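Any chance you could fold what I've pasted below:
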Amino acid sequence: MRKFLTLSIALGLAFTAQADTLIHAGTLIDGTQANPKSEMTVVIDGNTIKAIESGYREPQQGDVVIDRRNGTVMPGFIDMHTHLTSQLGPGSYMHKFTNSAADVTLNAVNYANKTLMAGFTTVRDLGDSYNASIALRNAINAGKVIGPRVYTAGKSLATTGGHADPTNGAHSDLFAPPTPYEGVLNGPYEARQAVRARYQDGSDLIKLTVTGGVLSVAKSGHNPQFMKDELDAVVATAKDYEMKVTVHAHGKEGMLRAIEAGVDSIEHGTYMDDEVMRAMKKKGVYYVPTITAGRSVADRAKIDGFFPELVRPKAAAIGPKIQSTFAAAYKAGVKIAFGTDAGVYDHGENYREFIYMVEAGMPPLVAIRSATAEASKLLGVTDIGTLEVGKRADVVAVQGNPLDNIELLSDINLVIKDGNIYKQ
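Numbering: from 1, shown residues only. The predicted structure is shown next:
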């Protein structure tokens, strides 16, 4: 090697180190339990964080410098509850009759782009149509379209007539009764079949609707909708395939059944009480609040004609409660991961959850950690969620300091995912 270097120098060949990207951060929030640091440099090599140094490193020839000395640099955010293939709006309830798989997929590409530009470099998608979120995930991973890193449940699982039964609100002549392959199951045998069908489709995890829901065209928004043997069959089968299980749940009984069955997280959790919180803490179950969705549907319930008449009272009753439930859960010490239910409100406004969490009593730094380190723990993914040497270079930044004003997170001015700069 030494002879090669000597010969090369003699021939006048130039050797230069590979250029790095240097981010000069006035404030650095790394997502760990460490306190924020001032005047730091994050060094990115390819798609990896190469170094994190005190002070502002002087660039070498070819280095790219991103100046955020008047701003705050953080890990890319993770939204643990999105629906990238849909967006609620006037007329949404007709879309299952009018939108094709192509319509759904093209809309998803647009929503994914908005999500990434809002600073969310990773999301969980918890229920789609036509397996469009699976195709979207694959296209993003292949570099064909721009969007966040996606972990998807594909079609969420329901029981007949339950929340996420796609035939609710439609005349029986229009659709054949859905099967476990379409995400509707009854009994433990079909529960196992439904999980295996999601695995066959390429889903990353399993999503169940264990209670009634706000937006489904059905009377109850909180009744339990899975029996214990069905839940046990879903969770046991999912674990065989190394898939985590999360559940949509508003009512207490459905939550208790799900916790006992061994699920990994509960979404919404509206009527959670002390008994449910104790059970979650005992089992280590995460809570994903989705306050933004609750606030949004409560506001829209006031608009005449926005929701079907069967949905409107549920939205008015359930929506406003989630923020106070979140406050109680945080005070009780339940593990919390950030999630918004994007698609119930407009994509790209995911930042609203931070504001509502802080309003309810969570300190800004803890809220940011819920969307970084805590979310990555729930995902079970170790190379994202914090800014540490050797991890993926997912980085976002804002002007100013969000610990002084959490609303600054509505204006992300730097988005880097896997070392690629998507917004600056």
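
could you pull out the helices for the stretch 101-250 of the chain?
Ranges of helices in the stretch 101-250 of the chain, per DSSP state H, counting those that start in this stretch, are 101-117, 132-141, 188-201, 228-240.

Any chance of TSV for these, columns mean neighbour count, distance to A360 and mean pLDDT?
C-beta here means a position set from N, CA and C on the backbone, and glycine is covered the same way. Listed next are the helices of the stretch 101-250 of the chain as TSV, based on neighbours: other Cβ atoms under 10 Å; distance: least, Cβ to Cβ, whole Å; pLDDT from 0 to 100:
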stretch	mean neighbour count	distance to A360	mean pLDDT
helix 101-117	19	23	97
helix 132-141	22	29	98
helix 188-201	20	33	98
helix 228-240	20	30	98
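
Select, out of these, the one closest to P178.
Nearest of the helices of the stretch 101-250 of the chain to P178, taken as Cβ to Cβ: helix 188-201 at 10.3 Å.

give me the number of residues near T85?
Here the number of neighbours of T85 (other Cβ atoms under 10 Å) works out to 28.

Doesn't it lie inside a strand?
No. Assessed by DSSP: H, G, I helix; E, B strand; the rest coil, T85 does not belong to a strand; its assignment is coil.

Stretch 312-326: which residues count as buried?
Across stretch 312-326, burial judged by 16 or more other Cβ atoms under 10 Å covers 312, 314-323, 325-326.

again, but for stretch 291-309
Residues I291, T292, A293, G294, R295, S296, V297, A298, R300, A301, F306, F307 are the ones in stretch 291-309 that count as buried (16+ other Cβ under 10 Å).

give the contact list for the last one.
Read it as F307. Contacts for F307 (Cβ atoms under 8 Å, 6 or more residues apart in numbering) come out as L215, V297, R300, A301, A315.

what's the answer for the first one, then?
Neighbour list for I291: I322, Q323, F326, T340, E353, Y356, M357, A360 [criterion: Cβ under 8 Å, 6+ apart].

Please spell out which residues along the longest strand seen in the chain are buried.
Longest strand of the chain, by residue count under DSSP state E: strand 64-75. Of all the residues in strand 64-75, those buried under the rule 16+ other Cβ under 10 Å are I66, R68, G71, T72, V73, M74, P75.

Need these in a markdown table (columns: pLDDT).
Shown next, in a markdown table, are the buried residues of strand 64-75 (pLDDT from 0 to 100):
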| residue | pLDDT |
| --- | --- |
| I66 | 98 |
| R68 | 98 |
| G71 | 98 |
| T72 | 98 |
| V73 | 98 |
| M74 | 98 |
| P75 | 98 |
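
Make CSV out of those and add distance to E374.
Formatted as CSV, the buried residues of strand 64-75 follow (distance: Cβ to Cβ, whole Å):
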residue, distance to E374
I66, 26
R68, 24
G71, 23
T72, 19
V73, 19
M74, 14
P75, 11
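
residue ranges with poor pLDDT in the stretch 1-150 of the chain?
Scanning the stretch 1-150 of the chain with the threshold set as pLDDT under 70 gives 1-17.

State the mean pLDDT of stretch 286-294.
Per-residue pLDDT over stretch 286-294 has a mean of 98.

What's the end-to-end length of stretch 217-233?
27 Å (Cα to Cα, to the nearest Å).

if we look at that stretch, which residues are touching it?
93, 158-159, 161-163, 168-169, 185-189, 191-192, 208-214, 234, 250-251, 253-254, 257-258, 260-261, 263, 270-271, 308, 310-311, 314, 317-318.

Emit the PyMOL select command for whichever of these are buried.
With 16+ other Cβ under 10 Å as the criterion, this PyMOL line picks the buried residues out of the contacts of stretch 217-233:
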select buried, resi 93+158+159+162+163+168+185+186+188+191+192+208+209+210+211+212+213+214+234+250+251+254+257+258+261+263+270+271+311+314+317+318
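
any idea how far the residue lying closest to A112 once chain neighbours are set aside is from T85?
In space, and not counting its chain neighbours, A112 is closest to G147: 2.9 Å by Cβ to Cβ, 6 or more residues apart in numbering. G147 is 12 Å from T85, where distance means Cβ to Cβ, to the nearest Å.

Can you pull the residues that touch both of those two?
Shared contacts of G147 and T85, defined by Cβ under 8 Å, 6+ apart, are found at L136.

mind listing what the closest residue to G127 other than its chain neighbours touches?
Spatially, and ignoring its direct neighbours in sequence, G127 is nearest to S156 (3.6 Å; Cβ to Cβ, 6+ apart). By Cβ under 8 Å, 6+ apart, the contact set of S156 is L126, G127, A164, G183, K207, L208, T209, H248.

Go again with 7 Å.
With contact set as Cβ atoms under 7 Å, 6 or more residues apart in numbering, S156 has these partners: L126, G127, A164, G183, K207, L208, T209.

Among the residues you listed, name the ones in strands.
Among the contacts of S156, the members falling in strands (DSSP E) are K207, L208, T209.

ranges for the strands of the stretch 301-424 of the chain?
Taking DSSP state E, counting those that start in this stretch, the strands of the stretch 301-424 of the chain run over residues 395-399, 414-417, 420-423.

Which residues belonging to stretch 327-343 are considered buried?
Quick answer for stretch 327-343 (16+ other Cβ under 10 Å): 327-330, 334-343.

how about these, which pair is most distant?
A328 and G343 (26.0 Å).

So which of the buried residues of stretch 312-326 are in helices?
Those of these mapping onto helices are R312, K314, A315, A316, A317, I318, I322, Q323, T325, F326, per DSSP state H.

Test my guess that the last one contacts A360.
Yes. Taking Cβ atoms under 7 Å as the definition, F326 is a contact partner of A360 at 5.3 Å.
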